[in-house]
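Asker: My questions concern the predicted model and sequence given below.
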Amino acid sequence: MKLSIITPIYNEEETIRPLVEKISDVCEREKYDFEIILVDDGSTDLSAEVMKEMSEDDPRVKAVHFQRNFGQAAAMSAGFDYATGDLIVTIDADLQNDPKDIPRLIAKMDEGYDIVSGWRKGRMDNILRIIPSVIANKMIKWTTGVDLHDIGCTLKVYRKSIVQNIKLYGDLHRFVPILGHRVGAKIAEIEVQHHPRRHGVSKYGMGRVLRVIFDLFTIKFLLTFSTRPMHFFGYISMVLSIGALLSGGYAVYMKWFTPRQQDLSDNPLLYLTVLLIIVAVQFLATGLLAEINLRTYHESEGRVPYIVNCTRNIDEGQKSG
């Protein structure tokens, strides 16, 4: 099988050459057929020049340059699009991931897995990065049900048949195993080495925690309601309708069955009831529009709600997906 090794790069001019050399040494020693795809995410240092030199020196090195910084998810997505290998390896450019772990990940793939993720158990980062990461990983596991200790580790191996059906945007690059699990991928995790950062600075800060929380809402929606948005908006509409029924019913009770017999026009519950009904109808209408848009999009794109693993003995002319 051919390997496509994807490395997103943003201001990593000092690490690109040694990283490519280490990857090449490992792949040549293991006799892999491989390509290295370097994706420059709008670097402002000399990363683009270093990438150009390396791609000219070695035809196995491909360089993709963005016009500006689009983010790591876009860089990953571009790497997936340009990859020609059967297996796709993703690795950080900062030399904290060790290319020597690649054969171990691939060996695990041979046991029948579609995605093998690295676990930086002995992570060599400061405590301000480790603690938020641990919290985020536990939240992701609780929300999605995918049991991974280190979803944020970039060092992973994927089968191309899995990632070619995944479109990334925003900060969803760290959730690729979750999205893969959604389409039936078998996932494994093994411990990998993690080295201290010796060059450059980390591109992540505490703001990453908030982004993870927001992305979790997106992922949860995609996992549960992406093919049936009416259920999501319908549930909310139902809850609001029940609230309207309760508040309206209590307002009527106060009017006809209490000594005060409070007039409905003076009862704030009446206005709350009207508000809840209006919002419930809006959510219901939003769900219907979402269903129509989803089906229109799938029909126009010719999309089907499944991924075929393999086909055998399919008669000529029969649709195989």
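Answerer: In hand now; what should we look at?
Asker: you'd agree Val50 is up against Thr15?
Answerer: No. Applying CB atoms under 8 Å, one finds Val50 not in contact with Thr15, separated by 9.4 Å. Where C-beta positions appear, they are placed from N, C-alpha and C, glycine not excepted.
Asker: domains of this protein?
Answerer: 2-225, 229-301 (automatic domain parsing).
Asker: Where is the longest helix in this structure?
Answerer: Scanning the chain for the helix with the most residues, using DSSP state H, yields helix 268-301.
Asker: Check which helices and strands that one sits against.
Answerer: Other helices and strands packing on helix 268-301, by 3 or more CB pairs under 8 Å, 6 or more residues apart in numbering; DSSP states H and E, are helix 229-256.
Asker: In contact with the nearest residue to Val163 once chain neighbours are set aside: list those residues for me.
Answerer: Nearest residue to Val163 in three dimensions, chain neighbours excluded: Phe80, at 4.9 Å (CB to CB, 6 or more residues apart in numbering). With contact set as CB atoms under 8 Å, 6 or more residues apart in numbering, Phe80 has these partners: Ile6, Ile88, Lys160, Val163, Gln164, Ile166, Leu168.
Asker: Tell me which of the residues you listed fall in strands.
Answerer: Using DSSP state E to define strands, the subset of those located there is Ile6, Ile88.
Asker: Confirm that Tyr158 sits in a helix.
Answerer: No. Assignment of Tyr158 by DSSP: H, G, I helix; E, B strand; the rest coil gives strand, placing it outside any helix.
Asker: rewinding a little: so can I have a markdown table of the domains of the chain showing mean pLDDT?
Answerer: Formatted as a markdown table, the entries for the domains of the chain read as follows, by pLDDT from 0 to 100:
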| stretch | mean pLDDT |
| --- | --- |
| domain 2-225 | 86 |
| domain 229-301 | 85 |
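Asker: that older thread, the longest helix of the chain vs helix 229-256, what angle?
Answerer: Using axes from the mean of the first three to the mean of the last three CA atoms, to 10 degrees, the inter-axis angle of helix 268-301 relative to helix 229-256 is 170 degrees.
Asker: follow-up on the earlier one: return the most buried member of the domains of the chain.
Answerer: domain 2-225 (a mean of 18; mean count of other CB atoms under 10 Å).
Asker: end to end, how far does that one reach?
Answerer: Across its full length, domain 2-225 reaches 36 Å end to end, with CA to CA, to the nearest Å as the criterion.
Asker: Equivalent analysis for stretch 141-155, please.
Answerer: Start to finish, the residues bounding stretch 141-155 are 19 Å apart (CA to CA).
Asker: List the contacts of that stretch.
Answerer: Outside of stretch 141-155, the residues within contact range by CB under 8 Å, 6+ apart are 8, 89-92, 97, 101-102, 105, 117-121, 123, 133, 136-137, 140, 174-175, 177-178, 181, 187, 189, 192, 216, 219-220, 223.
Asker: Helices - which of those land there?
Answerer: Applying DSSP H to those, the entries found in helices are 102, 105, 133, 136-137, 140, 177-178, 181, 216, 219-220, 223.
Asker: pretty sure Ala75 contacts His65?
Answerer: No. At 10.7 Å, Ala75 and His65 do not qualify as touching, with contact defined as CB under 8 Å.
Asker: Now the common contact residues for these two.
Answerer: Between them, Ala75 and His65 share no contacting residue, judged by CB under 8 Å, 6+ apart.
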